[in-house]
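okay, here's the prediction I keep looking at, along with the sequence it came from:
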Amino acid sequence: MSTSSSAKADLYEQVTQSIVRAIDEGAGEYVMPWHSLARPVNAISRKRYRGINTLLLWAAAQQANYSSNEWATYRQWQEIGGQVRKGEKSTVIVFWKFFDRNEETEDAGGEETNESTSKKARCMARAYWVFNAAQVDGVSLPAHEDLPESERIAQAEAFFSALPGTVIFEGEEAYYSPNKDSIHMPPFSKFKSAAHFYGTLSHEYAHWVGAPSRLNRDLTGRFGDQRYCFEELIAELTSAMICAHLALPLEPRKDHAPYVQSWLEAMKSDKRAIFTAVSKAQEAANYLEQLAGLPVPRAA
C-alpha cells in the first residue's frame, strides 16, 4: 500500500465516489445506503465496523444485494477455511495509521491531524479490501436469529427512556429546538409504525447531541443553506447507526429528499466531506449509546 499523498488523495476520492454512486442510485425513491437493518461486523473478530467503514459496507451490501452483514479480508476468510469465489469484487475500507504510536483506528475521521492533549498526532489513511460472506465458499458462520418485533420495540423503548433531555409530544412536526433545548415529537399514534417513530426520535436526538453543552456542533444553519443540510446528513447517519444498533429498520423519509442534491454537491466538491459527516455521526451515536448505559463496542 502506497503512503504517498497522491495515493491518499485517490483513496479519499475512491471512497467518496463509492458513496456518491450509492446515493445517486437510490435518490429517486430516497433509498439511501444507510437504510439497512444490521451494522456490518468482522466475521472473525465479531467486532463491528465503525465510522466511514460502516457506510462503505452498507453501500456495497445495498448495491450487491447482500443479505449478510459479515465481512473479512481475503486472508481472514482463508484462515477459517473459506475461499473467496473467483471473479468476486472486493470492497475498500479505511483505517488510519498514527505516526506517533503503533496502532490503526477507524475513528480518525479522515483528518490530517487528530488533537491529542496539547500536540497534534499525524495520521495516514490506509486502504484494506474485504469481502462479504455471500462471496465466500467453504465456511459456515454462526446462525443469526433476529429478535421478534415486540422485543425490538421494547429494547428501543428502554434505550430512549434512559436518555436525558426534554421530549415534548405535541403537534404534527418533529424537530429539535436549540433555543429551548427540547425535542418536539408528534404523538406516537401519528406514526405509521414503531420503527418510524423511533427512527424519527433518534434523528432529533442526534440534533440534541450537537448542542453547545454536549458535542458543540454548528447548529446555526437556516433551512436550505449548506450548514443546515450538512447537519441533516449528520443526524441521518446518527439515526441509522442507532436504529441498526437497536435492530430497527430505518425507513426512507421522503421529507429529507430535498437535501440529497446538497449532500451530493458537497461530496463532489470536497472529498473529505463525507468522512467528516460520518465521523461526527459516529461520535454522536457513541455519545447516545453511552448516555443510555450501553458499552461502546471496540472497532473491528
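Noted; the coordinates are in hand.

rest of the way, CA atoms for contacts and neighbours
Fine.

what number of residues lie near the closest residue to residue 196 other than its chain neighbours?
Excluding its sequence neighbours, the residue lying closest to residue 196 (C-alpha to C-alpha, 6 or more residues apart in numbering) is residue 251, at 6.3 Å. If you count neighbours by other C-alpha atoms under 10 Å, residue 251 ends up with 20.

list the contacts of residue 251.
Each residue near residue 251 by C-alpha atoms under 8 Å, 6 or more residues apart in numbering is listed here: 35, 195-196, 199.

just the pLDDT for it.
On pLDDT, residue 251 comes in at 72.

wasn't it part of a strand?
No - when classified by DSSP: H, G, I helix; E, B strand; the rest coil, residue 251 is found to be coil rather than part of a strand.

ok, now how distant is residue 169 from residue 201?
11 Å (C-alpha to C-alpha, to the nearest Å).

would you mind measuring from residue 22 to residue 61?
Taking C-alpha to C-alpha, one finds residue 22 at 10 Å from residue 61.

circling back to that earlier point, any chance of JSON lines for the contacts of residue 251, columns secondary structure and distance to residue 70?
Shown next, in JSON lines, are the contacts of residue 251 (DSSP: H, G, I helix; E, B strand; the rest coil; distance: C-alpha to C-alpha, whole Å):
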{"residue": "35", "secondary structure": "coil", "distance to residue 70": "17"}
{"residue": "195", "secondary structure": "helix", "distance to residue 70": "24"}
{"residue": "196", "secondary structure": "helix", "distance to residue 70": "26"}
{"residue": "199", "secondary structure": "helix", "distance to residue 70": "24"}
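
wait, which of those is closest to residue 179?
Using C-alpha to C-alpha, residue 199 is the member of the contacts of residue 251 that lies nearest residue 179, at 23.1 Å.

now do the contacts for the closest one.
Here residue 199 is in contact with 239-240, 243, 250-251 (C-alpha under 8 Å, 6+ apart).

grab the nearest non-local neighbour of residue 262.
residue 229 (6.7 Å).

tell me how far that neighbour lies from residue 235.
10 Å.

and the strands in the stretch 51-200 of the chain, which stretches?
70-73, 83-84, 91-98, 104-105, 113-116, 119-132, 136-137, 166-169, 175-177, 182-185 (DSSP state E, counting those that start in this stretch).

where among those is average confidence lowest?
Note on the strands of the stretch 51-200 of the chain: strand 113-116 shows the lowest mean pLDDT, a mean of 38.

hey, C-alpha coordinates of stretch 201-208 in PDB?
Provided in PDB are the C-alpha atoms of stretch 201-208 (Å, rounded to 0.1, in the frame of the first residue of the first chain):
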ATOM      1  CA  LEU A 201     -36.900  10.300  17.600                       C
ATOM      2  CA  SER A 202     -33.300   9.100  17.000                       C
ATOM      3  CA  HIS A 203     -32.900  11.800  14.300                       C
ATOM      4  CA  GLU A 204     -34.000  14.500  16.700                       C
ATOM      5  CA  TYR A 205     -31.800  13.200  19.500                       C
ATOM      6  CA  ALA A 206     -28.900  13.400  17.000                       C
ATOM      7  CA  HIS A 207     -29.500  17.200  16.700                       C
ATOM      8  CA  TRP A 208     -29.900  17.400  20.500                       C
END
